[in-house]
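J.: need the 3D shape of this:
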Amino acid sequence: MSTTQVTTIAPKVQVEPLENAPKKRIGIMGGTFNPPHLGHLIMAKQVQEQLDLDKVLFMPDNLPPHVDKKSAIAPEYRLKMVELSIANEEKFQLEDLEIKRGGISYTYDTVKELKELYPHTDFYFIIGGDMVDYLPKWYKIDELVHMIQFVSVERKGYEKKSDYPLIWVDVPRIDISSSMIRDKIAQQKSIKYLVTTEVEKYIKQEGLYHDTNS
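T.: Predicted coordinates:
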């Protein structure tokens, strides 16, 4: 006796084309992070929430391109401190692209690479109000402003104006700097509540910043 096999055809799944999908919104928090402090975290979190960013990449530079170059400790220490700082925040992510690339960390070169790593993404580069006046000196700034959106947070003593398109975000004014923390450590003063507990322990463990030249 013959049997008839019935083939069931599954309904087609409608897949939305990538170009119609909403773009990811990723912030970039660059800097030497020598060391990273609570001011960095507050700034990043406020921008992330107010602009509804999917995540913020914390990206330590290798060699800053500014004329007033900063003397930073070895990259592995700075990477580890950033990793420790952001470990409990799911919207924050460590990005070591500039350290791996080596040389001078030009934002233009970095953004080109990021666009390849994260296609279909809008990038928001976060800077402090004190950095706005430096923008005309940035490498290929006229091209860069068409590749990313700059976001500036208010900084006491600096005006909210620029010839470049900026999004201004109001954040609590936290007067903490990496140089202040280095000075306090060199003077054997407490840095409690200026950095995360994990970073404070790591600095002590590794004996970092014994003097102001570190």
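J.: any idea how many residues pack against the residue lying closest to residue 140 once chain neighbours are set aside?
T.: The spatially closest residue to residue 140, leaving aside those adjacent along the chain, is residue 108, at 4.2 Å (CB to CB, 6 or more residues apart in numbering). (C-beta placed from N, C-alpha, C; glycine too.) For residue 108, the neighbour count with other CB atoms under 10 Å is 15.
J.: residues in contact with residue 108?
T.: If you count contacts by CB atoms under 8 Å, 6 or more residues apart in numbering, residue 108 has them with 138-140, 143-144, 147.
J.: okay, it: pLDDT?
T.: According to the prediction, residue 108 has pLDDT 95.
J.: strands of the protein, residue ranges please.
T.: Secondary structure of the chain (DSSP state E): strands located at 24-31, 55-60, 92-94, 121-128, 149-153, 166-169.
J.: go through the ones you listed and pick out the most buried.
T.: Most buried of these by mean neighbour count (mean count of other CB atoms under 10 Å) is strand 55-60; its value is a mean of 23.
J.: which residues are contacting that strand?
T.: 26-33, 36, 40, 44, 47-48, 75, 78-79, 82, 85-86, 91-99, 110, 114, 126.
J.: stretch 163-173: end-to-end distance?
T.: 24 Å (CA to CA, to the nearest Å).
J.: one more: stretch 175-192?
T.: In stretch 175-192, first residue to last residue: 15 Å (CA to CA).
J.: and the residue positioned nearest the centre of the chain, how far from residue 159?
T.: When the chain is reduced to its mean C-alpha position, the nearest residue by CA atoms, centre = their mean turns out to be residue 29, at 1.8 Å. With distances taken as CB to CB, to the nearest Å, residue 29 is found 23 Å from residue 159.
J.: what's the answer for residue 183, then?
T.: With the distance defined as CB to CB, residue 183 ends up 28 Å from residue 159.
J.: repeat that for residue 83.
T.: Using CB to CB, one obtains 35 Å as the distance from residue 83 to residue 159.
J.: hang on, the earlier thing: now restrict the contacts of residue 108 to buried residues only.
T.: 138, 144 (16 or more other CB atoms under 10 Å).
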